[in-house]
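Engineer: Would you be able to build a 3D model of this:
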Amino acid sequence: MKLLTKTIENIGPLNQETMEQTRYRVDHLIKPLGSLGRMEDLAVQLAGITHQPYPKTDKKVIVVMSADHGVYAEGVAPNDQSITAIQTPNFARGVTGVCAFAKQARADVIVVDIGVAVDLDAPGVINRKIRYGTDNMAKGPAMSREEAVKALEIGIEITSEQIQKGKNLIGTGEMGISNTTASAAILSVFGGFDPSEVVGIGAGLSVDRLSHKAEVIRRAIACNQPNPKDGIDVLSKVGGFEIGGMAGTMLAAAAHRVPVVVDGFISTAAALIAVSLSPQAKDYLIPSHSSAEKGAAKATELLGLKPMFDMDLRLGEGSGAALAFNFVVAATYMVREMITLEEAGIVL
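Structural biologist: Model (predicted):
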């Protein structure tokens, strides 16, 4: 708990001075005022995050957290839980969807076994297993409060290590069969939604099973009574180890003044946990895409974030974050490489 507390204490406001410097330059670049739209706002946000008017985001990494969920036993997922164990080593091999996009973006991918249901003997997979998957949240808490804190702190530790190695742009990713169920539960609690409003098909659940999925979440919330004013309580009762790990990644990035790109629905659920623990952490989050998962729009609206693009993605893994890295880097190039009207000798 000490690491979590210290990390939260180190999250401060964005640097207004550097934001003003960058805003002035952006407004005077050789282009019509505001013509690069939200790219201009992104450049200003990056300046505020990093305390640098000319920030660099050239050393990128996606941190993928993998874990299983006890609620799988309720029949809320179309695929066998063994897929988590099969797919997790594939991240380390560099052959998954996020890995393909990360290679294009020249980003590293690291994968953490934070709670896969079986032992993995796979080169490149970091073993920080809390235990072999969460408990069934439809019958009791998914994990203990101590385990929830541990998940958050593992995310903090892994991400802090990456930042100490020089990484200056972080993306969140995950793997875990049934984690859309946990994410919908988290969103239902924080937003006060009935689960039927936010459950989606996840990895391909048939539409006629959505009402069952919603009912499982309804039972889990009724059984556990998670407190929406206590993010650790929500995480422990209806969350997942990988969701806690991603929330820890976001908190660590904010504490180190490093921008963190939030992937899709599951990552956004993790962002709800992170922001509940540190409201200022929201300023360090860069949402990637509008996920096609049903609850994603409500989750980003609840956070007050606006995704950068919409291509009907719902893979997860960090795939949208890897694609979004290109926008983030482009914003830094805009500030550094474009000249101002004055530098061009143009007087308006």
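Engineer: any idea how far residue 186 lies from residue 239?
Structural biologist: Note on residue 186: its distance to residue 239, by C-beta to C-beta, to the nearest Å, is 6 Å. Where you see a C-beta, it was placed from the backbone N, CA and C, and this is true even at glycine.
Engineer: Now the common contact residues for those two.
Structural biologist: Shared contacts of residue 186 and residue 239, defined by C-beta atoms under 8 Å, 6 or more residues apart in numbering, are found at 269, 273.
Engineer: name the element residue 291 belongs to?
Structural biologist: Secondary structure from DSSP states H and E places residue 291 outside every helix and strand.
Engineer: how many other residues sit next to it?
Structural biologist: 28 (other C-beta atoms under 10 Å).
Engineer: so where is this protein shaky, pLDDT-wise?
Structural biologist: Counting by pLDDT under 70, the chain shows low-confidence ranges at 202-203.
Engineer: Where do the strands of it begin and end?
Structural biologist: 60-67, 107-115, 125-127, 169-175, 260-262, 285-287 (DSSP state E).
Engineer: which of those sits most buried?
Structural biologist: Ranked by mean neighbour count under mean count of other C-beta atoms under 10 Å, those are led by strand 169-175, which reaches a mean of 32.
Engineer: packing partners for that one?
Structural biologist: With contacts defined as 3 or more C-beta pairs under 8 Å, 6 or more residues apart in numbering; DSSP states H and E, the packing partners of strand 169-175 are strand 60-67, helix 82-93, strand 107-115, helix 145-164, helix 241-255, strand 260-262, helix 265-277, helix 319-337.
Engineer: and residue 248, what does it touch?
Structural biologist: 4, 7, 151, 152, 153, 154, 155, 156, 157, 158, 159, 274.
Engineer: Can you tell me the closest non-neighbouring residue to it?
Structural biologist: residue 155 (2.3 Å; C-beta to C-beta, 6 or more residues apart in numbering).
Engineer: Now do that neighbour against residue 22, distance only.
Structural biologist: From residue 155 to residue 22 the distance is 29 Å (C-beta to C-beta).
Engineer: Those two: who's more crowded?
Structural biologist: residue 155 (33 against 24).
Engineer: my guess is that one meets residue 254, correct?
Structural biologist: No. Using C-beta atoms under 8 Å, residue 155 is not in contact with residue 254; the gap is 11.9 Å.
Engineer: List the residues that contact residue 295.
Structural biologist: Per C-beta under 8 Å, 6+ apart, neighbours of residue 295: 183, 184, 187, 193, 197, 198, 199, 200, 265.
Engineer: Now, of those, which are buried?
Structural biologist: Among the contacts of residue 295, those buried by neighbour count (16 or more other C-beta atoms under 10 Å) are 183, 184, 187, 193, 198, 199, 200, 265.
Engineer: surely the last one meets residue 199?
Structural biologist: It refers to residue 265. No. When contacts are counted by C-beta under 8 Å, residue 265 is not listed as touching residue 199 (10.7 Å).
Engineer: how about residue 252, what does it touch?
Structural biologist: 7, 155, 156, 157, 159, 160, 163.
Engineer: If we use 7 Å, what do you get?
Structural biologist: 7, 155, 156, 159, 160 (C-beta atoms under 7 Å, 6 or more residues apart in numbering).
Engineer: Save the buried ones among the contacts of residue 295 as TSV, and put in distance to residue 27 too.
Structural biologist: As requested, the buried ones among the contacts of residue 295 are arranged in TSV below (distance: C-beta to C-beta, whole Å):
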residue	distance to residue 27
183	39
184	41
187	37
193	40
198	39
199	44
200	40
265	35
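Engineer: Show me which pair in the residues you listed is furthest apart.
Structural biologist: 193 and 265 (13.5 Å; C-beta to C-beta).
Engineer: Among the helices and strands packed on strand 169-175, show me which one is buried the most.
Structural biologist: helix 241-255 (a mean of 32).
Engineer: so how far is it off the chain centroid?
Structural biologist: In terms of C-alpha atoms, centre = their mean, to the nearest Å, the centre of helix 241-255 is set 8 Å apart from its chain centre.
Engineer: okay, that helix in CSV with CA atoms only?
Structural biologist: Coordinates of each C-alpha in helix 241-255 appear next as CSV, following Å, rounded to 0.1, in the frame of the first residue of the first chain:
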residue,chain,number,x,y,z
PHE,A,241,-6.0,-8.6,-11.9
GLU,A,242,-5.1,-7.3,-15.3
ILE,A,243,-7.5,-4.4,-14.9
GLY,A,244,-5.7,-3.4,-11.6
GLY,A,245,-2.4,-3.8,-13.3
MET,A,246,-3.4,-1.4,-16.1
ALA,A,247,-4.7,1.1,-13.6
GLY,A,248,-1.4,0.9,-11.9
THR,A,249,0.4,1.6,-15.2
MET,A,250,-1.7,4.8,-15.6
LEU,A,251,-0.9,6.0,-12.1
ALA,A,252,2.8,5.3,-12.5
ALA,A,253,2.9,7.2,-15.8
ALA,A,254,1.1,10.2,-14.3
ALA,A,255,3.5,10.2,-11.3
